[in-house]
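Visitor: following is a predicted model, sequence given first.
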Amino acid sequence: MSDLTSKAQFPAEAGKDGGFVRQPYNIRGRITADGSSGFPAEAGRYHLYVCYACPWAHRAIIVRKLLGLEDVISMSAVDPIRDERGWAFREGNGHGPDPVNGFQFLSEAYLQTDPTFTGRYTVPVLWDRVTGKLVTNNYPDITIDMETQFGAFHKPGAPDLYPQALRSEIDEINEIVYRDVNNGVYRAGFATAQEAYEAAVDQLFTRLDWLEDRLSRQRYLVGDQLTEADIRLFTTLVRFDMVYVGHFKCNLRRLVDYPSLWAYARDLYQRPGFGETVNEDHIKRHYYMTHDQINPTRIVPKGPVIDWTEPHGREALG
Ligand SMILES: N[C@@H](CCC(=O)N[C@@H](CS)C(=O)NCC(=O)O)C(=O)O
């Protein structure tokens, strides 16, 4: 996948043409309401390990909150700074020791699950207290299972983030947004050849222009309600000016230069579950201090100054 630590790991995710190639994830259990998968939806059984900096983990943090699953699925965060040993549990601002297993490193969770595991030790992961193993590190499944399999535990009045009638359109948008935007910023940032970088940036901004147009006409990405699709786009947009413009060189335009996309991002940010889960300190320190092949001085920029509280004015659209 993903996100890179040391120079030694860099080639593992670089394609022949200097393009970034996300590695596949390979722990793929599913939670089911009826338990048929071996992992039944139960309160108090599962623990979500996240990093507040990580956009893929951020989706799960938001969905867990929106659905009121905080007392059903416990959660803890790793230190946002990662070295060649991978994610670590350390005492710090907004993170601490592993409350479930007393692990020092997330790698221990992977190796306890499968001692032969050779992939990257990524977040988010869902840990099962009963089997003493990871259920999954496949982040798209984590939010979908919270939405569709944990229904009995949702808080009263919880939103339906993956409504049956909109699923095919949500899936279609998610695929496009993943390819061009969520993963597009990584393809730009981790490219090791000029051509690969430029191709990724062009594809990213063509898609942002397309999204700007779409969101100038509708309040949400799909239908007239908040869905999984909005959450997936939000976690990249909220990091855009903070880290992707500078650190990943995605700088043809900033988020604040897109009137509709910027207002859309603020509309989401200002809701419960969104802004309160954005940890700017973790995000900036993670990106600028972890990818030392991109930022060898590990200096974290002070800016930009972004006013997320500015009224969004999108009520009339939906
Ligand atoms: N597991 C997913 C996404 C999760 C992911 O990449 N998380 C990043 C943080 S944003 C990570 O944990 N990276 C650790 C690594 O690559 O060593 C994937 O492989 O695409």
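Guide: That came through, no problem.

Visitor: contact partners of stretch 143-163?
Guide: In this structure, residues lying in contact with stretch 143-163 by Cβ atoms under 8 Å, 6 or more residues apart in numbering are 30-33, 41, 43, 59-60, 63-64, 66-69, 72-73, 170, 223, 225-228, 231. Backbone N, C-alpha and C define where each C-beta goes, glycine included.

Visitor: what about burial for those, which qualify?
Guide: Among the contacts of stretch 143-163, those classed as buried by neighbour count (16 or more other Cβ atoms under 10 Å) are 30-31, 41, 59-60, 63-64, 66-69, 72-73, 170, 223, 226-228, 231.

Visitor: hmm, back to that, which of the contacts of stretch 143-163 fall in helices?
Guide: Where the contacts of stretch 143-163 overlap with helices, as defined by DSSP state H, the overlap consists of Arg59, Ala60, Val63, Arg64, Leu66, Ile170, Glu228, Ile231.

Visitor: export the residues you listed to a markdown table and tack on distance to the ligand and pLDDT?
Guide: As requested, the ones in helices among the contacts of stretch 143-163 are arranged in a markdown table below (distance: Cβ to the nearest ligand atom, whole Å; pLDDT from 0 to 100):
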| residue | distance to the ligand | pLDDT |
| --- | --- | --- |
| Arg59 | 10 | 98 |
| Ala60 | 10 | 98 |
| Val63 | 15 | 98 |
| Arg64 | 16 | 98 |
| Leu66 | 20 | 98 |
| Ile170 | 19 | 98 |
| Glu228 | 16 | 98 |
| Ile231 | 15 | 98 |
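
Visitor: can you name the two of those residues that are farthest apart?
Guide: Arg64 and Ile170 (18.6 Å; Cβ to Cβ).

Visitor: nearest to Val50, of the ones in helices among the contacts of stretch 143-163?
Guide: The shortest approach to Val50 among these belongs to Ala60, at 6.4 Å (Cβ to Cβ).

Visitor: pretty sure the closest one is touching Leu48, no?
Guide: Yes: with contact defined as Cβ atoms under 8 Å, Ala60 counts as touching Leu48 (5.9 Å).

Visitor: and stretch 129-146, end to end?
Guide: Stretch 129-146 stretches 17 Å from its first residue to its last (Cα to Cα, to the nearest Å).

Visitor: which parts of that stretch are buried?
Guide: 133-146.

Visitor: tell me where this protein has helices.
Guide: Taking DSSP H, the helices of the chain run over residues 55-66, 107-113, 139-148, 167-177, 184-189, 194-217, 228-239, 259-269, 280-290.

Visitor: buried residues in the last one?
Guide: Neighbour-count burial for helix 280-290 flags His282, Ile283, Lys284, Arg285, His286, Tyr287, Tyr288, Met289, Thr290 (criterion: 16+ other Cβ under 10 Å).

Visitor: closest point of the stretch 101-250 of the chain to the ligand, which residue?
Guide: Closest residue of the stretch 101-250 of the chain to the ligand, Cβ to the nearest ligand atom: Thr122 (3.3 Å).
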